[in-house]
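K.L.:
missing the sequence, but the structure's below:
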């Protein structure tokens, strides 16, 4: 009887070392959970430390060869994301972009909970500096070149349709500085307004996402320069290409652009290029048109003087609204109009990104007053 009782006592007995071991295990789990909770709670505040913030940003972008520096980031779990003084730098040379402020409208905890719904971001007065040389543009240095021994795999509808990301970016009072072989002195434009987002067509929830640029004014009454004409404006007004002198004002209004990610060249891109005033010295394109006019009007006293003056300029008779559309690697235009004396020049046609021009010029002889 005594031995049986002893065995039963040993089976039901919980020695002190066993209880202490269980308690230590519970304490460790609680302590680990507490540490994790504290780290998560403090993460936004740790991100306010410049060294931690910039290290985390640049470490997360493995295919990015530049550097992103954020001046300040007063983050909190229950407030929208706010970043200030963002600078994007290439491996060498001046910064490519500077953004004084970026403000979102979704609290940080919701962004972490659902990283596909980023909400709306406002960029105030961002400035982009484009430097072009024989090796390409400075922003191209931010990304690694494609490996020559590997063929790029084209994006398919199947893998692009899995993208669930939705975001909208509104840009206010943006600016661009451009300097390149055709514009060694550089030119700049300020006052750019733009709203762009990534979304799907409303009636096709399973379609490939599209990059959408909302319709509206992009620029209002920007100044024209010969360098700007040669770098950008010649695509919407090819008659100005190579202009020896150009000054005036223009505005640009965009239609809604919709660019499918799998077929961006099939996207809808267009707008209106409004020339409010311009005075231009003819370049090669206008000179060739003038040469034709001289041949056709050689015997006409009313036009011979207009076509033979050595230092002549073309001017607008009224505001010219040039309709432009981009498709298949070309920029198509219609409605461009210039005048010199009693001659009126109208053009329509296209300019390719390969610099080829396919254009029709119409000349009208106005009645002499």
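P.N.:
Here it is on my side, so go on. Given the structure is predicted, the values throughout are model-derived calculations rather than measurements. Numbers count the residues shown, from 1 in each chain.
K.L.:
Buried residues, stretch 187-195. List them.
P.N.:
Across stretch 187-195, burial judged by 16 or more other Cβ atoms under 10 Å covers 187, 189, 191, 192, 194, 195. Glycine gets a C-beta too; all of them are placed from N, C-alpha and C.
K.L.:
Filter the residues you listed down to the ones in strands?
P.N.:
Counting by DSSP state E, the buried residues of stretch 187-195 place 187, 189, 191, 192, 194, 195 in strands.
K.L.:
which residues sit in contact with the last one?
P.N.:
Contacts of residue 195 were listed using Cβ atoms under 8 Å, 6 or more residues apart in numbering, and they are 168, 169, 170, 171, 213, 214, 216.
K.L.:
Of the residues you listed, keep whichever come out buried.
P.N.:
Using 16+ other Cβ under 10 Å, the buried ones in the contacts of residue 195 are 168, 169, 170, 171, 213.
K.L.:
what's around the residue nearest to residue 172 when sequence neighbours are not counted, how many residues?
P.N.:
Excluding the flanking residues, the one nearest residue 172 by Cβ to Cβ, 6 or more residues apart in numbering is residue 124, at 5.5 Å. The local packing of residue 124 (other Cβ atoms under 10 Å) involves 15 other residues.
K.L.:
For residue 186, see how far away residue 124 is.
P.N.:
Distance, residue 124 to residue 186, by Cβ to Cβ, to the nearest Å: 24 Å.
K.L.:
Residue 344 too?
P.N.:
Relative to residue 186, residue 344 is positioned 34 Å away (Cβ to Cβ).
K.L.:
What pLDDT does the model give residue 53?
P.N.:
For residue 53, the model assigns a pLDDT of 83.
K.L.:
Skipping adjacent residues, who's closest to it in space?
P.N.:
In space, residue 53 is closest to residue 47, 5.0 Å off (Cβ to Cβ, 6+ apart).
K.L.:
got it, and residue 44?
P.N.:
Using Cβ to Cβ, 6+ apart and skipping residues adjacent in sequence, the residue nearest residue 44 is residue 75, 3.8 Å away.
K.L.:
looking at it, that neighbour is touching residue 108, isn't it?
P.N.:
Yes: Residue 75 lies in contact with residue 108 (Cβ atoms under 8 Å); the separation is 6.0 Å.
K.L.:
For stretch 348-366, give the mean pLDDT please.
P.N.:
When pLDDT is averaged along stretch 348-366, the result is 85.
K.L.:
Just the buried residues of that stretch, please?
P.N.:
Neighbour-count burial for stretch 348-366 flags 349, 350, 351, 359, 361, 365 (criterion: 16+ other Cβ under 10 Å).
K.L.:
give the contact list for the nearest residue to residue 67 once chain neighbours are set aside.
P.N.:
Spatially, and ignoring its direct neighbours in sequence, residue 67 is nearest to residue 89 (4.6 Å; Cβ to Cβ, 6+ apart). Taking Cβ under 8 Å, 6+ apart as the criterion, residue 89 is in contact with 66, 67, 68, 69, 95, 96.
K.L.:
Would you check which pair of the residues you listed lies furthest apart?
P.N.:
Farthest-apart pair in the contacts of residue 89 is 69 and 96; separation 11.9 Å (Cβ to Cβ).
K.L.:
Pick out whichever of those two has more residues nearby.
P.N.:
Shown here are residue 69 and residue 96; by other Cβ under 10 Å, residue 96 has more neighbours (21 against 16).
K.L.:
ok, now how distant is the more buried one from residue 215?
P.N.:
As defined by Cβ to Cβ, residue 96 lies at a distance of 28 Å from residue 215.
K.L.:
What of residue 349?
P.N.:
Counting by Cβ to Cβ - residue 349 and residue 215 are separated by 25 Å.
K.L.:
ditto for residue 37
P.N.:
For residue 37, the distance to residue 215 equals 47 Å [Cβ to Cβ].
K.L.:
And residue 282, by the same measure?
P.N.:
Counting by Cβ to Cβ, the gap from residue 282 to residue 215 is 34 Å.
K.L.:
One more: residue 279?
P.N.:
With distances taken as Cβ to Cβ, residue 279 is found 30 Å from residue 215.
K.L.:
same thing with residue 86?
P.N.:
For residue 86 relative to residue 215 (Cβ to Cβ), the value is 27 Å.
K.L.:
more crowded one of the two?
P.N.:
Higher neighbour count among residue 86 and residue 215: residue 86, with 21 against 13, using other Cβ under 10 Å.
K.L.:
Test my guess that the more buried one contacts residue 69.
P.N.:
Yes: the pair residue 86 / residue 69 is scored as a contact, 7.3 Å apart, by Cβ under 8 Å.
K.L.:
Quick check: residue 239 is in a helix.
P.N.:
Yes: residue state for residue 239 (DSSP: H, G, I helix; E, B strand; the rest coil) corresponds to a helix.
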